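Colleague: Coordinates only, no sequence provided:
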């Protein structure tokens, strides 16, 4: 029996860097040292215990990117509870499903989220307490005020579940991915000490949602393991992010592609740009054209990586040790194997040679313990000790892995496989295209037709002009026959483009 707690990440930073600023909350203007953050966390933990939460219980948290997120997160870990982070953009019905499925005993919601949280709590019959400004319901701060803080965190085992991430249900209901203390501690440590050169005086921009695995592990937990400072932005806009990064001398930016596009749009209006040392992109494919333009404008290289909720999240990334290659997701991180397997074989893993296109499969310390209450989905995903990602990709002779597309996003036009990502990469290079998503829509003749949904530079181009331009850049079966212009693409809670929504809209 090996004891390990993710709470150690903050506890040890408080011991080592007590007077350093851990969190800058740009919404409340709080600047909190590691000592104070850990003291507040142990006080919140005592409040949770007062509310009947202990080891093995499940606590849901619905909090934006504010200092209360780490306080409540680490407080739940400190009492030995399992955390379910709630997406802030889901409906009360969707969140009630997650509360019921995870058997949450309590939902801790920030006052700003209280209306949606209490509605979900009522539907699921789960108690709700608030943090932050007084909102007229029982507050965690009040429960904590009447009792002494915990002396230290509760003992948990390495294989105990620390966090349950609900994966966005592209196929039916969301599934709860079980991440252990070992999964999350290892991923945090490897991200910080084995991938890039990071320093304890680094200042990290915390604009990725903390309820999402990328923002939580790579952003928050990584910063605390390092002893750095995280600057929290509650609602991302490119203009505000640039202002914050300049003011707080941010050195590291973590973002998803839509955020990099937002920063580029805002850069032309900014007086000064931040001096970024390291930029990491994940969550979705970053068009090479965006990466190149970002390097040109911000004088910073973007290192693209790859991971999923089920892999804690980081599985691969471009990293200095192996060199970097734009358009790829780099090499596996330390202690993790990433291979290409035959996608059509379900019951076993058959590995393929370099250069062959297949399904990306992963094994290592980062792979989750399975899906909550869903043995069938677990047995489909975990085969022969490997996790099947559902992503199609290749590995070249130098070991660089490239994602070609999601298995389910593949378009089959007239019997030919078309990978939307390849079409998106080409279209993203047109100067009038700000953002693009490519989908397959039903077609009587070809089975599926290629449709490009585009956020254009106003007045920049017509659909016919863009189709003609793309004919020169793409094979005859690949160029889009239909172009739709929109003001914005639908984004999920973690800022990923929701292609299923686009398919629904344009398949009629």
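Modeller: Good, I have the coordinates. Bear in mind the structure is a predicted one, so any value in this text is a computation, not a measurement. Numbering: from 1, shown residues only.
Colleague: can you map out the strands along the stretch 251-400 of the chain?
Modeller: 252-255, 278-281, 302-307, 314-317, 331-332, 336-341, 358-364, 382-383, 386-395 (DSSP state E, counting those that start in this stretch).
Colleague: quick one, what contacts residue 181?
Modeller: Applying Cβ atoms under 8 Å, 6 or more residues apart in numbering, we find residue 181 in contact with 4, 5, 6, 156, 157, 158, 159, 160, 162. Placement of C-beta: from N, CA and C, glycine included.
Colleague: Now a ChimeraX select for only the buried ones of the residues you listed.
Modeller: Entered in ChimeraX, the line below selects the buried ones among the contacts of residue 181, by 16 or more other Cβ atoms under 10 Å:
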select :4,5,6,156,158,160,162
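Colleague: which residues of the protein score low on pLDDT?
Modeller: 168-172 (pLDDT under 70).
Colleague: which SS class is the most centrally placed residue in it?
Modeller: Nearest to the geometric centre of the chain sits residue 214, at 3.5 Å (Cα atoms, centre = their mean). At residue 214 the chain is in helix, as set by DSSP: H, G, I helix; E, B strand; the rest coil.
Colleague: what do you get for residue 230?
Modeller: Going by three-state DSSP: residue 230 is strand.
Colleague: Ok, residue 464 next?
Modeller: Assigned state for residue 464: helix (three-state reduction, three-state DSSP).
Colleague: go on, residue 405?
Modeller: strand.
Colleague: Could you point out the bridge partners of it in the sheet?
Modeller: residue 392 (DSSP bridges).
Colleague: list the contacts for it?
Modeller: Contacts for residue 405 were tallied using Cβ under 8 Å, 6+ apart; they are 391, 392, 419, 420, 421, 422.
Colleague: again, only using 10 Å
Modeller: Residue 405 is in contact with 285, 357, 391-393, 411, 417-424, 438, counting by Cβ atoms under 10 Å, 6 or more residues apart in numbering.
Colleague: can you check residue 81 too?
Modeller: Going by Cβ under 10 Å, 6+ apart, residue 81 touches 45, 48-49, 53-59, 75, 104-106, 154, 156, 162.
Colleague: Now intersect those with the strands, please.
Modeller: Among those, the ones falling in strands (DSSP state E) are 58, 59, 106, 162.
Colleague: how many neighbours does the second one have?
Modeller: Burial of residue 59, expressed as a neighbour count using other Cβ atoms under 10 Å, amounts to 24.
Colleague: For it, name its beta-bridge partners.
Modeller: With DSSP bridges as the rule, residue 59 is bridged to residue 83, residue 106.
Colleague: wait, it sits on residue 49?
Modeller: No. The criterion here is Cβ atoms under 10 Å, and residue 59 misses it with residue 49 at 11.3 Å.
Colleague: Need phi/psi at residue 273.
Modeller: phi -110, psi 150 (degrees, to the nearest 10).
Colleague: who's in contact with it?
Modeller: 242, 245, 246, 263, 266, 267, 297, 298, 299, 300.
Colleague: Distance to residue 481 added to the ones in strands among the contacts of residue 81, as TSV?
Modeller: Shown next, in TSV, are the ones in strands among the contacts of residue 81 (distance: Cβ to Cβ, whole Å):
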residue	distance to residue 481
58	49
59	50
106	52
162	48
